[in-house]
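Asks: With the sequence up front, the predicted model follows.
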Amino acid sequence: MLFLTREELVELTGRKRVSKQIEWLREHQFPHELTAAGRPVVLRAEVARRLSGETDTRQRSPRWDRVA
């Protein structure tokens, strides 16, 4: 499964109310999206990466405006 289940989201956040789950995700800077129904969805791979201590591996573009 690509996304956490509702039960796993409760386990991760410790919150049952959707509004509190979203609040927790924002406070802990977990990337998430909201469904059309307003429920948060979190990628399983992101949770695994964060909990394993792995650092951000996304490629960053050079900041050419800062080059002298």
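Replies: Noted; the coordinates are in hand.

Asks: for the chain, where's the lowest mean pLDDT among helices and strands?
Replies: Among the secondary structure pieces of the chain, namely its helices and strands, helix 44-52 has the lowest mean (mean pLDDT, DSSP states H and E), a mean of 92.

Asks: Dump that helix to PDB, keeping only the CA atoms.
Replies: Coordinates of the C-alpha atoms in helix 44-52 are reproduced here as PDB (Å, rounded to 0.1, in the frame of the first residue of the first chain):
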ATOM      1  CA  ARG A  44       4.400   5.100   3.700                       C
ATOM      2  CA  ALA A  45       7.900   5.600   2.200                       C
ATOM      3  CA  GLU A  46       8.200   9.100   3.900                       C
ATOM      4  CA  VAL A  47       7.400   7.700   7.300                       C
ATOM      5  CA  ALA A  48       9.900   4.900   6.800                       C
ATOM      6  CA  ARG A  49      12.600   7.500   5.800                       C
ATOM      7  CA  ARG A  50      11.800   9.800   8.700                       C
ATOM      8  CA  LEU A  51      11.700   7.100  11.300                       C
ATOM      9  CA  SER A  52      14.900   5.500  10.100                       C
END
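
Asks: Relative to the whole chain's centre, how far out is that helix?
Replies: The gap between the average C-alpha position of helix 44-52 and the chain average comes to 9 Å, counting by C-alpha atoms, centre = their mean, to the nearest Å.

Asks: what comes up buried for that helix?
Replies: Applying a neighbour-count criterion of 16 or more other C-beta atoms under 10 Å, one finds 47, 50 buried in helix 44-52. C-beta: built from backbone N, CA, C; applies to glycine.

Asks: what does that helix rub up against?
Replies: 1, 2, 3, 4, 12, 30, 31 (C-beta atoms under 8 Å, 6 or more residues apart in numbering).

Asks: Closest one of those to residue 42?
Replies: Within the contacts of helix 44-52, the smallest distance to residue 42 is 4.9 Å, found for residue 4 (C-beta to C-beta).
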